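Enquirer: sequence plus the predicted model coming up.
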Amino acid sequence: MLLLSVRRVSMVLATALLVQIGSMAVIQSQPAMAAEAVDLKLDAKSAILMDAATGQILYEFNSDTALPPASMSKMMTEYLVMESVKSGKHKLDDMVPTSQYAADVIGSGDLLAFKEQVSLRDMFSAMSIYSANDASVALAEFVSGSTEEDFAKMMNEKAKQFGLSDQAHFINATGLSRADLGKYAPKELQGETMLTAKDAALIAYNLIKDYPEILETTKIPSKKFREKDKTPMINWNWMLEGNKDNTNFKKYAYPGLDGLKTGSTDDAGYCFTGTAVRNGVRLISVVMGTPKEPKRFEETRKVLDYGFNNFEKKQVLAANSEIDSLKVVNIKKGIELQVGLATQEEVSLVAKKGAAPEEFKITAAAVDESKLVAPITKGDVLGTVKVNYQGYEKTTNLIATADVVQASWFRLMFRAIGSFFSDMLAGTKS
């Protein structure tokens, strides 16, 4: 009878040990690194510097102040056009018609005639190299399938998806003011196109991340719109590395700079979103509201120099590496009682040059116990590890380094019996 009672108790204990309910741990969104308070003495209304790989903010000055971005808003137009091509809705060889509005629009461009048809590829080049307003309007009408105003609504929807500020607002594809549009001004969308420097940097971040091939176009110093044209379109970006031998622009040419978008109107002043890469680090800079055209490039140089001179890419954790604080986790119902853990991917971020190892805070956590149950397959996600550097946090998964086969019920029963008697003896001794 005593043996039967022990068996019954053992089965109850085994069942209790094997059945638990829980949920998978949720990885929290990453906060931005707190930018160091540095005075670069910029002659601009606002500015920001961002790492293009992680979105880390390395420097900011009035970066949350909404201002007219002028043609920098075309970065969102570029994104939506490329998104339409990637989705298969449109092709680069599609012929894009020119409406009366596109032919009439003022500002940079003046390339297209009413009813003229040009390939989407060439329209996109005109917009990205020459900041052509006529090509931008034609592309907006073509991609939306209706009007530029409908396209601007798409721009505002994408702004929400990107997590831009509540101040971010588009009324057209070009960045022109409502007064500049005249009779073509939008009827439903009110106000003016406005962005913060941080908004502009986030658009550039998403554009480069999702469509890096755009840099093959934005880095072109000049290009003929049509082969028969006598003169080429000259890129408004004087800082392109490709201008290093250009007599007019070589004093502004910046090593590694291959984009991204200029902008200027009476209301906006002179603005520029730049991007450059050195030693495997790509940075995105934005300056808004400089008083003169050369000044936007001179101030951008200050911002980029600060970034490249003071920061570097740092690998904190290698892929497939152990974390000292969580090398193994206990597994239930398995032949083995534990399994090793390793990082699924490397964790790299941009840090101040010479940053000490103790500045990188590493914390690891296993998933809920209810998920640590055999069978386990090598590569299963069993935890997470976070690296925190000055408020910026980056996360990767911890994965099983081996398979764990599920144990038979017979093995589990005797394991439970053994645990029961071990606990009982421990209680007697105490």
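Expert: Perfect, thanks for sending it.
Enquirer: give me the low-pLDDT residue ranges for this structure?
Expert: Across the chain, the stretches falling below the confidence threshold (pLDDT under 70) are 1-37, 409-430.
Enquirer: give me that answer again for 80
Expert: Scanning the chain with the threshold set as pLDDT under 80 gives 1-37, 334, 407-430.
Enquirer: how about the helices in the stretch 1-150 of the chain?
Expert: Using DSSP state H, counting those that start in this stretch, the helices of the stretch 1-150 of the chain run over 2-18, 74-87, 100-104, 120-130, 133-144, 148-162.
Enquirer: using JSON lines, please lay out these together with mean neighbour count.
Expert: Using the backbone N, CA and C atoms, a C-beta is placed for each residue, glycine as well. Formatted as JSON lines, the entries for these read as follows, by neighbours: other CB atoms under 10 Å:
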{"stretch": "helix 2-18", "mean neighbour count": "13"}
{"stretch": "helix 74-87", "mean neighbour count": "21"}
{"stretch": "helix 100-104", "mean neighbour count": "18"}
{"stretch": "helix 120-130", "mean neighbour count": "23"}
{"stretch": "helix 133-144", "mean neighbour count": "27"}
{"stretch": "helix 148-162", "mean neighbour count": "18"}
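Enquirer: Thr300 is nearest to which of the ones you listed?
Expert: Thr300 lies closest, by CB to CB, to one member of the helices of the stretch 1-150 of the chain: helix 74-87, at 15.4 Å.
Enquirer: next, the angle from that closest one to helix 133-144.
Expert: Angle of helix 74-87 versus helix 133-144, following axes from the mean of the first three to the mean of the last three CA atoms, to 10 degrees, is 40 degrees.
Enquirer: from the middle of its chain, how far away would helix 74-87 be?
Expert: On the basis of CA atoms, centre = their mean, to the nearest Å, the separation between the geometric centre of helix 74-87 and that of its chain is 15 Å.
Enquirer: what angle do that helix and helix 120-130 make?
Expert: With the same axes, to 10 degrees defining the directions, helix 74-87 sits at 160 degrees from helix 120-130.
Enquirer: now do the contacts for Leu207.
Expert: Shown here is Leu207, whose contacts under the criterion CB atoms under 8 Å, 6 or more residues apart in numbering are 75, 78-79, 82, 214, 260.
Enquirer: just curious, which of those is nearest to Leu40?
Expert: Set against Leu40, the nearest of the contacts of Leu207 by CB to CB is Leu260 (20.0 Å).
Enquirer: residue contacts, Thr77?
Expert: Here Thr77 is in contact with 127, 136, 139-140, 151, 155, 173-174 (criterion: CB under 8 Å, 6+ apart).
Enquirer: quick one: the strands in the stretch 201-350 of the chain?
Expert: Along the stretch 201-350 of the chain, the stretches classed as strands by DSSP state E, counting those that start in this stretch are 222-223, 233-234, 257-265, 269-278, 281-290, 311-317, 328-330, 338-343, 347-352.
Enquirer: each with direction, which strands does the fifth one pair with?
Expert: For strand 281-290, the pairing partners within the sheet under DSSP bridges are strand 46-51 (antiparallel), strand 269-278 (antiparallel).
Enquirer: could you do the third one as well?
Expert: Using DSSP bridges, the strands paired with strand 257-265 in its sheet are strand 269-278 (antiparallel).
Enquirer: and what of the last one?
Expert: As defined by DSSP bridges, the strand partners of strand 347-352 come to strand 311-317 (antiparallel).
Enquirer: buried residues in the strand it pairs with?
Expert: Residues of strand 311-317 classed as buried under the neighbour-count rule (16 or more other CB atoms under 10 Å) are 311-312, 314, 316-317.
Enquirer: in stretch 345-356, what counts as buried?
Expert: With burial defined by 16+ other CB under 10 Å, the residues of stretch 345-356 counted as buried are 347-351, 355.
Enquirer: about what we covered before: closest one of the contacts of Thr77 to Arg226?
Expert: Taking CB to CB as the measure, Met127 is the one of the contacts of Thr77 closest to Arg226, at 15.4 Å.
Enquirer: can you tell me how far the closest one is from Val347?
Expert: Applying CB to CB, to the nearest Å, the value for Met127 to Val347 is 37 Å.
Enquirer: Lys115: which of the strands of the stretch 201-350 of the chain is closest?
Expert: When the strands of the stretch 201-350 of the chain are ranked by distance to Lys115, counting by CB to CB, first place goes to strand 233-234 at 21.5 Å.
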